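> need the 3D shape of this:
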Amino acid sequence: MHVMKIGLYLCECSGSISEKLNLHEVRNRIIELFPDLYVRIYNLLCSGEDLAALSEDIRKERPERVVIAACSPRDRESQFRRVIEEAGLNPYLLQMVNIREQTAWVTPDYAAATAKAFTLVAAAIARVRLHQPLDRKTVTACTDVMVIGAGPAGLSAALALADAGRNVILVEKSAAAGGMPISLYEIFPYLECGPCLTAPIIDDALHNEHEGRIELLTLAQINSVRGYFGNFIADIRAIPRYVSASSCIGCGECVAACPVSFSCGQVEKKAIDFHSPGALPHVPVLDMEQCLRSRNVSCVKCRDACPVEGVIDYDDKERTVERKVGAIIVATGASLLDCSVFPRLGYGSISDVVTAHEFERLISSDGPGGGKLFTSSGSSPLCIGIIHCVGSLDPAHKSYCSSICCRYALKYSAEIRRRHPETEIYHFIKEWCLPGQSATGLFRRAQEDSLINFIRYDDLSTFEVSYSAGGNSIYFREAAGSLRNMRVDMIVLCPALVPAPGAAELADILGANVDENGFFVATNEPAGCIETSMRGIFSAGTCRMPMDISSSINDGHAAAGCILAKLKPGGLIDISPEIAIINAHRCTGCMLCKTICPYKAIVTSGSVEGKAEVVMELCRGCGICAASCPARAIECMAYSYEEVTAEIETILRESVKKRNQG
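Numbers count the residues shown, from 1 in each chain. Next up is the predicted model:
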C-alpha cells in the first residue's frame, strides 16, 4: 500500500503564535498520530529567508502534499502556493491552517490553545490526503472595454484606458457627453462654468490623440450582454438622431429655421435642437415626437436651411450595434428624488417651489432670467429658503446622506449673493456634511454673511408650505421643538441623490447586484473594490454611491486601473480551477442552482438536455450551488464532499477523544 509523504510546516510568527501555544507539543502529538509525515518549525515563514528555506526543503524532501499551519489563508495562501509551485509541487496540493487568528489570538488558555491547534492541524492532514492536483486555465480575451455612461466617471475611465492604448466603446443614452455637469452653470467648490470645465475633457476624448481609440455612441442603450470576463458581447440599441454626426458642422441653421417650439422643463426648445449650450458633440438632434412630420405635415424647413447636403435624414432608423469587449464599466450616474412625493412642500402646486436642478437653470446666464432670479410674479426675491435633506437621512424615504447637497446649497448662497446683494437666505438643515477644505471655506463665508441664516430641523414631515398673495409661508418645527412660521419668496428643495432611471434594469441585463436603494454593489466595498458581483463588470461614480464630481472622476480612474491590471496586454486571462462542477448523471434538472447562483455562472446545458452546466469563466467557487443541490450533483474543486467530510470527522473524533480523556 502506498504511503503518502506529507510535509507539515509550523510557523511561530515571530512569537505571535509560539508564545500562546506549544508548537513542539503539537509537532510531537501529530507525529504520533501520523507517523508517515515530517514536520518543520520556522520562526516567520512569510519572511524572505524562511520562504527560501521552505522552497529548498520541498525540493529536497519531495513531499506529495503540504500542510502549513500559520496565519490566515487570505493573507499568505497565494504566496505559499507560488513558492510550492516553483519548488515543483502542484500548488493546490497545499492546505493551510489558521492557528494565529483562529487559535493563538482568541484562545487565552495555553493548554487549550495547544490542543485546539493540534486538532485543526490533524484535520488538515486528513483532508490534504484527498486533494487532487488542479491546473489553472488560460483563455484568450478581448482587451477592448465598454463604458456605459459618458459623465465625469465614464469620461475619466475612457480617457485613462485610451491613454493606456485600449480601445473604448463609450455608450451614452443622451444626445451629448458630459453627464450632469454640462447642465450646471457653476460647479462647486470654485464656481466654475460646468460646460466650460467639461468641454476640454470631452474634446480630448473625441479628438486629439484619442481619436479612433474612443468610439462614442450617443442616444444609445444596452439591449443585452452575454459572455464572460474577457469575452463579453453587447447588443447596443442606437436611437435615430436624424442628423448625421459625422457630416454636421454645428452651425445651428436648422434650429433657427424650425417652426416648432415647446417647453422642456424650464427650457424653451425647438423640435430640432442642440442637447444644451456647449454640449459635445455639437450636433443637434431631431425630436420626431415634436416635429410637424409626426402630425402628417410635410415640413422640411430644417433640411432646406442646412448648408450641407444629406446631413438631415428623416428616414433614419433605429439600429442594433454589436460590440465585443473584455470588460465593462458602469458609470450611469445618478438622478434626484422626485419631490412630488412630499406634497406638503408644495412642489408641483406652488410655482416658486423649485428643485435644485431647476434652480440651476434659473441662475444660468442663458436661463429665463438671463442670470437674474425672478419669482413667478416677475419680482426679484427678497427672501429665499433652501431646504436641505429632502428625502435624505429619512428612514421613510432614503436613510443615507446624499453627500453633495450641503455643498451645492452653500454654492447657491454665493450665487444668490452675487446676483442679489440684498436678498435674505435661510438654510433649513438637518445635518451638515462638509468634507474638505473648500467646503469649509464656503461655509465660513456664509457664516460671516449677516443675511444668511441657518435653522436646524429634525423631521421633514413637520414642514408645510402654503401660498398667499404676499408670498410663500413655511410652517415647520425647529430641532429645539418650537413651531415657526416664515414668509419667503422662493423655496429651493435639495432632494436625495438616487440612482439614474433604468439602473435596476441595466443591472439585471448585466447580471450585477444592486442594494436596497438601487446603487450598484461592489464585491468588497470596505476594501475599496469597485468590481460588481459579475466578474469583469465594474461600477464607478454616483451609480455606486452618492459622491461629488471630483470623487466620480477618481472612481472612473480606479475602475480603469482595475481593468488594466486584470485584462493584460496580449489578451490572456487566468481562470481559477477552484470552481463548481456538475455531475450530469446525478443532476435532475431542477435548476435550483441556476436560480441562486450570484454570478450567473450556471446555465442550461447545451450538450445534455435538461441538465445544468457551469460556465467556468464566470464561476467563483463560492459553493452556494453545491450546498443547495438536493441531489448532491455539484462539487467545488478543492472543496469536495470527501475532503470536507474528512476534515470534519477528524475534528469530531479528536474532540470526543479529548472529552473522554477529560
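> the helices in the stretch 401-550 of the chain, which residues?
Per DSSP state H, counting those that start in this stretch, the stretch 401-550 of the chain carries helices over the ranges 405-419, 437-447, 503-510, 549-566.
> so which of these is nearest Glu49?
Proximity to Glu49 (C-beta to C-beta) singles out helix 549-566 among these, at 29.4 Å. (Each C-beta comes from the backbone N, C-alpha and C, glycine too.)
> which residues are contacting that closest one?
145, 151-158, 160-161, 164, 166, 181, 187, 229, 326-327, 329, 331, 528, 530-531, 536, 538-542, 544, 547, 573 (C-beta atoms under 8 Å, 6 or more residues apart in numbering).
> which regions of this structure sit below the pLDDT cut-off?
1-2, 185, 188-194, 196, 208, 265-266, 524-529, 662 (pLDDT under 70).
> can you list the domains in it?
Annotated domains of the chain cover 6-134, 145-239+318-332+502-566, 335-499, 577-637 [automatic domain parsing].
> what about the closest residue to Arg544 other than its chain neighbours, neighbour count?
Of all residues not flanking Arg544 in the chain, Phe520 sits nearest, at 5.2 Å (C-beta to C-beta, 6 or more residues apart in numbering). The number of residues packed near Phe520 is 28, by other C-beta atoms under 10 Å.
> what's the spacing between Phe520 and Val145?
Relative to Val145, Phe520 is positioned 17 Å away (C-beta to C-beta, to the nearest Å).
> and if you look at Glu478?
Noted for Glu478: a distance of 51 Å to Val145, by C-beta to C-beta.
> tell me the bridge partners for the residue most central in space within the chain.
A centroid search over the chain (C-alpha atoms, centre = their mean) returns Ser539, at 3.0 Å, as the residue closest to the centre. For Ser539, the beta-bridge partners are Val330 (DSSP bridges).
> hmm, it is touching Gly333, no?
No - counting by C-beta atoms under 8 Å, Ser539 does not reach Gly333; the two are 11.0 Å apart.
> which neighbours do the two have in common?
Counting by C-beta under 8 Å, 6+ apart, nothing touches both Ser539 and Gly333.
> nearest to Lys611, out of the helices of the stretch 401-550 of the chain?
Of all those, the one in closest proximity to Lys611, counting by C-beta to C-beta, is helix 503-510 (25.1 Å).
> hmm, who's touching the lengthiest helix in the chain?
In the chain, assigned by DSSP state H, the helix with the most residues is helix 641-661. If you take C-beta under 8 Å, 6+ apart as the criterion, helix 641-661 is touched by 115, 118-120, 122-127, 129-131, 632, 635.
> over to stretch 390-407?
Against stretch 390-407 from outside (C-beta under 8 Å, 6+ apart): 188-189, 337, 339, 341-342, 345, 356, 388-389, 429-434, 439, 442, 460-461, 493-498, 517, 545-548.
> how far away is Arg484 from Ser364?
Between Arg484 and Ser364 the computed distance is 32 Å (C-beta to C-beta).
> before we move on, what about Arg456?
Plainly put, Arg456 is 30 Å away from Ser364 if you go by C-beta to C-beta.
> try Leu382
21 Å.
> repeat that for Ile537.
The gap separating Ile537 from Ser364 is 36 Å, by C-beta to C-beta.
> so which residues of the stretch 151-300 of the chain form helices?
152-163, 194-206, 253-257.
> skipping its backbone neighbours, what lies nearest Lys398 in space?
Leaving aside its chain neighbours, Lys398 sits nearest to Ala496 (4.2 Å; criterion: C-beta to C-beta, 6+ apart).
> ramachandran angles for that neighbour?
When read as degrees, to the nearest 10, the backbone of Ala496 gives phi -60, psi 140.
> just give me the closest of the contacts of helix 641-661 to Cys622.
Using C-beta to C-beta, these come closest to Cys622 at Glu635, 13.2 Å.
> tell me what the helix or strand containing the closest one is packed against?
Secondary structure assigned from DSSP states H and E places Glu635 in strand 634-636. Packing contacts for strand 634-636, counted by 3 or more C-beta pairs under 8 Å, 6 or more residues apart in numbering; DSSP states H and E, involve strand 580-582, helix 624-628.
> what lines up beside the first one in the sheet?
Using DSSP bridges, the strands paired with strand 580-582 in its sheet are strand 634-636 (antiparallel).
> ok, residues contacting the strand it pairs with?
578-583, 593, 612, 621, 623, 625-626, 641.
> one step back: what about Leu382 and Ser364, which has more around it?
A direct count of neighbours by other C-beta under 10 Å for Leu382 and Ser364 places Ser364 higher, at 22 against 15.
> mean neighbour count added to the helices and strands packed on strand 634-636, as CSV?
Below are those laid out as CSV (neighbours: other C-beta atoms under 10 Å):
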stretch, mean neighbour count
strand 580-582, 21
helix 624-628, 18
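> reformat the ones you listed as TSV; add distance to Tyr92.
Output for those, formatted as TSV (distance: least, C-beta to C-beta, whole Å):
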stretch	distance to Tyr92
strand 580-582	14
helix 624-628	17
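> show me the contacts for Cys251.
Applying C-beta under 8 Å, 6+ apart to Cys251 gives the contacts Pro307.
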